[in-house]
Every structure is written in structure tokens, then in C-alpha cells.
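In: The amino acid sequence is not available; the structure is as follows:
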């Protein structure tokens, strides 16, 4: 049976949307405990898209972004990618480290990949954010399916969107042409930052996932 997210119907997409909502709630709770502040998260949009559309999500291949990439292991295998525009990444680092907006090091030249400097501690904070997010979404997926799924340690890179996406694109291209896109909004006080979460199970995992969700027998 050859499957991809592109073959999912509206009901199945609604189930995946619920996974996104539960994952966001879990992540908000984990972040709030981590920084001892109230953090809200919402999922404004969940949709299936062709991988070739991913670049367009960021307004083109030359936009500087922070990318986190990791694998899923266990009953379901596959890849997860979380991408933040530089300014959103800086905003989240400020939230995580208790800094104010005045410490934002990103200038207005969005064509310059060096326009937003992150030191070693801040890069570690972004990695931890990736761990929390991936763990929260995978936990919600595990809860709804009863499957054992674990995330690997994320790799992180700061580069133009096209360069960052090109690496997983080679891997994703082997397993299908569609990805699950979950837009994630982080809200702390008056501060709001958007991130983009992409989930691609390996081909054999689609059937496992659908059976676990009770969509197919």
C-alpha cells in the first residue's frame, strides 16, 4: 500500500490537526515550567503540502532562518523539521532567557544570514526548544495511537531557507512528495512568534499510523 499525507481525507487531517493542538498544549506547559512564566501556544493552521511548496512558506529560498532537524524512531520512523525566521528565533530566545526586546540582535537586513547572532548558550536554548516541541508533538501522537515513538537529538543550523531545506529535501524525496505542516504560535504576554513544524513519516509508517488511529483496518 503506497501512502502519503496527500492521500489523507478531511477526517484524517482533522485527527492530525488535533495531534497538533494537543502537542502545542503540552509544549506550552513544558515551556511555562522551564521559564516559570505563562506561555500560550496555538496552532493557527494545519495542512498537507507538497514539499516543493515549503520554500514558498518563507517568502523564498534566500530568507535567513534557524532550522532544527531530527528523526523519529520506534514504531514509526521518519523526519521532523522545525523552522523559525531569524527574528522569531531571537524572540523565542529572549523569552526563554528572560531578556527583553531591546536585546534583539537582528537588524533589518533580512538578506544577510549573519544579521542575527546567537551565542553558544542561545543556540543551546534553541536546541532545547526543539527538544520540547518535538517531544510534545511526538508524545501527543503516541498518546492518540498507542505507539512507541521517540525523537533523536536535533541538529541545528542558521542559513538561508533554501540551503537548510535542501538537506532534508533529499531525504524527504525518497519517501514521498507531501508533508504535514503545523504552524505554531508562541505567545508570552504581548509577545508573539511564529514557527513552522513539518512532519514526514517514512513510507511504511503511514499505514502503521492510519491503523493505529483506526482509520483503516
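Out: The structure has been received and is ready for your questions. Predicted model only: the values in this text are computed from it and were never measured.

In: CA atoms for contacts and neighbours, from now on please.
Out: Will do.

In: Helices of the chain, start to end?
Out: Taking DSSP state H as the test, the helices found in the chain are 10-35, 54-57, 86-97, 120-145, 161-173, 203-212.

In: And the last one, what's buried?
Out: Translated: helix 203-212. Across helix 203-212, burial judged by 16 or more other C-alpha atoms under 10 Å covers 203-210, 212.

In: Can you pull the poorly scored residue ranges out of the protein?
Out: Segments of the chain classed as low confidence (criterion: pLDDT under 70) are 1-8, 51-52, 55-60, 100-116, 167-178, 215, 217.

In: just so I know, which of the helices of the chain lies nearest residue 154?
Out: Of all the helices of the chain, the one in closest proximity to residue 154, counting by C-alpha to C-alpha, is helix 120-145 (6.6 Å).

In: on contacts alone, who are the packing partners of that closest one?
Out: helix 10-35, helix 86-97, strand 149-151 (3 or more C-alpha pairs under 8 Å, 6 or more residues apart in numbering; DSSP states H and E).

In: Output those in a markdown table, with distance to residue 179 appended to each entry.
Out: Written out in a markdown table, the entries for the helices and strands packed on helix 120-145 read as follows (distance: least, C-alpha to C-alpha, whole Å):
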| stretch | distance to residue 179 |
| --- | --- |
| helix 10-35 | 12 |
| helix 86-97 | 22 |
| strand 149-151 | 18 |
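
In: before we move on, the earlier item: let me know which of the helices of the chain is tucked in deepest.
Out: Per residue and on average, the most neighbours among the helices of the chain fall to helix 86-97, with a mean of 22 (mean count of other C-alpha atoms under 10 Å).

In: check contacts around the residue nearest to residue 29 when sequence neighbours are not counted.
Out: Across the structure, with C-alpha to C-alpha, 6 or more residues apart in numbering as the measure, the residue nearest residue 29 apart from its sequence neighbours is residue 39 (7.3 Å). The neighbours of residue 39, taking C-alpha atoms under 8 Å, 6 or more residues apart in numbering as the test, are 28-29, 31-32, 186-189.

In: tell me the two of those that are most distant?
Out: 29 and 189 (15.0 Å).

In: what's across from residue 49 in the sheet?
Out: Beta-bridge pairing of residue 49, defined through DSSP bridges, involves residue 179.
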